[in-house]
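K.L.:
Have a look; sequence and predicted model below, questions after that.
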Amino acid sequence: MYWKYLKSQLRHKWFVFVECCKLGIPWLGVIHDLSKFRPSEWVPYMHHFYNTDGSKHQRDKTGKGYVRTLDMGDAAFDTAVTLHYKRNKHHWQWYLLPANVGGIEILSMPERYCREMLADWHAASWAQGYQGEIKSWYEHTKDNMQLHPETRQWIEEQLALEVEA
């Protein structure tokens, strides 16, 4: 189980590094997701995605995601995901600020982290069956993302440029 999870993480990091180099941010590709190697993220993630025999957990009906519902009761994984988002500025969730009077303030992402997020999406798309094509994935998931209008505009401009290329 440990070996398979390590291989999957290193494979993802390699794809992100390649994409980051294309986007002019190679250093962010080198340090991408290093927090996933901390025990507080490593162990819960590994147990969430892999069975003790090393086989992967069940995929959803599309084959592109893992079966997960809010009532799974995987508090360790939920904590690890929260830690991961708050340790890594390339996640849009990092830019959500609970307001003292209720609600959430959505902050704009710096461009360098938007680039890293796109590289991450490209790399993840290979693992999720989208073969590097993130435009359709984004269209399918964009309404679930809380993005600052400037961030959303930048992302959509970049995705439009990719389609033209």
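P.N.:
On my side now, so go ahead.
K.L.:
where does Met109 fall, phi/psi-wise?
P.N.:
Here is the backbone geometry of Met109 (degrees, to the nearest 10): phi -90, psi 140.
K.L.:
and it, how many neighbours does it have?
P.N.:
Met109 has 24 neighbouring residues, counting by other Cβ atoms under 10 Å. From N, CA and C alone the C-beta is placed, and that goes for glycine too.
K.L.:
lowest-confidence helix or strand of the chain?
P.N.:
Least confident helix or strand, the chain: helix 135-141 with a mean of 85, by mean pLDDT, DSSP states H and E.
K.L.:
what about it, distance to the chain center?
P.N.:
Put simply, helix 135-141 sits 14 Å off its chain's centre (Cα atoms, centre = their mean, to the nearest Å).
K.L.:
report the longest helix in this protein, please.
P.N.:
Looking across the chain with DSSP state H, the single longest helix is helix 2-22.
K.L.:
Where does pLDDT dip in the protein?
P.N.:
1, 52-73, 129-132, 164-165 (pLDDT under 70).
K.L.:
which of the residues in the helix or strand encompassing Val81 are buried?
P.N.:
In the assignment (DSSP states H and E), Val81 maps to helix 75-87. For helix 75-87, a neighbour-count test (16 or more other Cβ atoms under 10 Å) marks Phe77, Ala80, Val81, Leu83, His84, Tyr85, Arg87 as buried.
K.L.:
Specify which member of those is nearest to Leu34.
P.N.:
Ranked by distance to Leu34 (Cβ to Cβ), those are led by Arg87 at 8.7 Å.
K.L.:
How many residues are close by the nearest residue to the closest one once chain neighbours are set aside?
P.N.:
Among residues not flanking Arg87 along the chain, Ser35 sits closest, at 4.2 Å (Cβ to Cβ, 6 or more residues apart in numbering). As a burial measure, Ser35 scores 17 neighbours (other Cβ under 10 Å).
K.L.:
just checking, Ser35 is part of a helix?
P.N.:
Yes. Ser35 sits within a helix when classified using DSSP: H, G, I helix; E, B strand; the rest coil.
K.L.:
contacting residues around it?
P.N.:
Applying Cβ atoms under 8 Å, 6 or more residues apart in numbering, one finds that Ser35 lies in contact with Glu41, Leu83, His84, Arg87, Asn88.
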